[in-house]
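J.: next one to model:
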Amino acid sequence: MVTCYLNYVIDPYKIKEFEHYAKLWIPLVNKFGGNHHGYFLPSEGANNKALALFSFPNLATYEEYREKSLSDKDCISAFKYAEDTRCILSYERSFFRPLFE
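T.: Below you'll find the model as predicted:
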């Protein structure tokens, strides 16, 4: 299994827009075989940081999801929403493997 960790810098005045964007992506990741663990929005501390975690069985399955997302109408709509609202200022993506024991 591989878990994708997304670290977002968001516009703190557009948290509602980012929350809408996040709600669009959870079912889309699941649609393509992933397991979305949720988005984590600002609470205490920095007001411009958000996180997301989701897993795929392996990196190859994740890469298939990335490729398919580029031509999926719902994914394209979600990408466009973020672009139109400019709720995401930047993000970085990292991958981790779980250790359960």
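J.: show me where the chain has helices.
T.: 15-31, 59-69, 73-85 (DSSP state H).
J.: redo these as a markdown table? Include distance to Leu99.
T.: For the C-beta atoms, the positions are set from N, CA and C on the backbone; glycine is no exception. Formatted as a markdown table, the helices of the chain follow (distance: least, C-beta to C-beta, whole Å):
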| stretch | distance to Leu99 |
| --- | --- |
| helix 15-31 | 22 |
| helix 59-69 | 17 |
| helix 73-85 | 31 |
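J.: nearest to Arg93 among those would be which one?
T.: helix 59-69 (10.1 Å; C-beta to C-beta).
J.: identify each buried residue in that closest one, please.
T.: By neighbour count on 16 or more other C-beta atoms under 10 Å, the buried set for helix 59-69 is 61-62, 65, 69.
J.: mind giving me the packing neighbours of that helix?
T.: Secondary structure elements in contact with helix 59-69, counted by 3 or more C-beta pairs under 8 Å, 6 or more residues apart in numbering; DSSP states H and E, are strand 2-10.
J.: elements contacting the strand it packs on?
T.: Identification of packing neighbours for strand 2-10 by 3+ C-beta pairs under 8 Å, 6+ apart yields strand 49-56, helix 59-69, strand 88-96.
J.: can the ones you listed go into TSV with extra columns for distance to His36?
T.: Converted to TSV, the helices and strands packed on strand 2-10 look like this (distance: least, C-beta to C-beta, whole Å):
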stretch	distance to His36
strand 49-56	4
helix 59-69	11
strand 88-96	15
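J.: perfect, that will be all.
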